[in-house]
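*Asks:* Predicted model follows, preceded by the sequence.
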Amino acid sequence: TQLLEQSPQFLSIQEGENLTVYCNSSSVFSSLQWYRQEPGEGPVLLVTVVTGGEVKKLKRLTFQFGDARKDSSLHITAAQTGDTGLYLCAGAIEDNAGNMLTFGGGTRLMVKP
Amino acid sequence: DTGVSQDPRHKITKRGQNVTFRCDPISEHNRLYWYRQTLGQGPEFLTYFQNEAQLEKSRLLSDRFSAERPKGSFSTLEIQRTEQGDSAMYLCASSPWTGDMNTEAFFGQGTRLTVV
């Protein structure tokens, strides 16, 4: 059982559509990070959210951290084919002194032209 | 070099053989992490170092797995007597630990292991 549950697991949309990916947990995180991973490559950090209720924008990507710091969402506006990839959320457990990141299972996004 | 470097990128080995992977973290990053990622899953934490000290190793998958970071710079991950179930992507990450729980980790490109 994943500590962090991501949904949906797979998403296939047409270019220009909007989408939202969710990351949920029963645990409280001191911070939550979103990564994007291409096949055969390591995850690349997109953003870190720290404060409950925080919203961060990165061009067409909007990230939100839940008020209770247990969940997060990633919204992509007007998706492009270049957005295709595996999106991973990862949380740093509040009581873990090691800053170990716990990852969700990922959302595989395919944007079709 | 401005990123985490892993070597080799790909490794094919026969079952029962030992393999060793190397990770060079970002310069001056004192935290180094190892993760394993199987197909279709998110990365799974294995172990981490702060400088040369291995502070968490209970998540290593079995006693066939071991990691070292002898001088607090590069690290190696060794798998002895490989099994087909060890086939996965092995990821290394580093971070500049400052005591802040929100320190960001940066990943290398990974080593893809295939055990035949």
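*Replies:* Received the coordinates, thanks.
*Asks:* who's B:A67 bridged to?
*Replies:* B:L77 (DSSP bridges).
*Asks:* So what touches the host helix or strand of A:R108?
*Replies:* Using DSSP states H and E, the element containing A:R108 is strand A:107-112. With Cβ atoms under 8 Å, 6 or more residues apart in numbering or on different chains as the contact definition, strand A:107-112 has outside contacts at A:6-15, A:17, A:19, A:21, A:76, A:79-88, B:40. C-beta: built from backbone N, CA, C; applies to glycine.
*Asks:* Buried subset of these as a ChimeraX selection?
*Replies:* Only the buried entries of these go into this ChimeraX selection, using 16 or more other Cβ atoms under 10 Å in any protein chain shown:
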select /A:6,11,13,19,21,76,79,83,84,85,86,87,88
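*Asks:* In strands only, show me the contacts of strand A:107-112.
*Replies:* Counting by DSSP state E, the part of the contacts of strand A:107-112 found in strands is A:6-7, A:10-14, A:19, A:21, A:76, A:85-88.
*Asks:* Pick the one among those closest to chain B.
*Replies:* A:L88 (5.3 Å; Cβ to the nearest Cβ).
*Asks:* Output the set of residues of chain A in proximity to chain B.
*Replies:* Proximity of chain A to chain B, by Cβ under 8 Å from any Cβ of the partner chain, involves residues A:2, A:4, A:6, A:30-31, A:33, A:35, A:40-45, A:48, A:50, A:88, A:90, A:92, A:94, A:98-106, A:108.
*Asks:* List only buried entries from these.
*Replies:* For the residues of chain A next to chain B, buried by 16+ other Cβ under 10 Å: A:4, A:6, A:30-31, A:33, A:35, A:41-43, A:45, A:48, A:50, A:88, A:90, A:92, A:98-106, A:108.
*Asks:* Just to be sure, which of these are found in strands?
*Replies:* Using DSSP E, those in strands are A:6, A:30-31, A:33, A:35, A:45, A:48, A:88, A:90, A:92, A:101-103, A:108.
*Asks:* Between all of those, which two are at the greatest distance?
*Replies:* By the measure Cβ to Cβ, A:S30 and A:R108 form the most distant pair in those, at 27.2 Å.
*Asks:* list the helices and strands the element among helices and strands of chain A having the smallest mean pLDDT packs on?
*Replies:* Least confident helix or strand of chain A, by mean pLDDT, DSSP states H and E, is strand A:101-103 with a mean of 87. On a contact count with 3 or more Cβ pairs under 8 Å, 6 or more residues apart in numbering or on different chains; DSSP states H and E, strand A:101-103 meets strand A:85-93, strand B:44-50.
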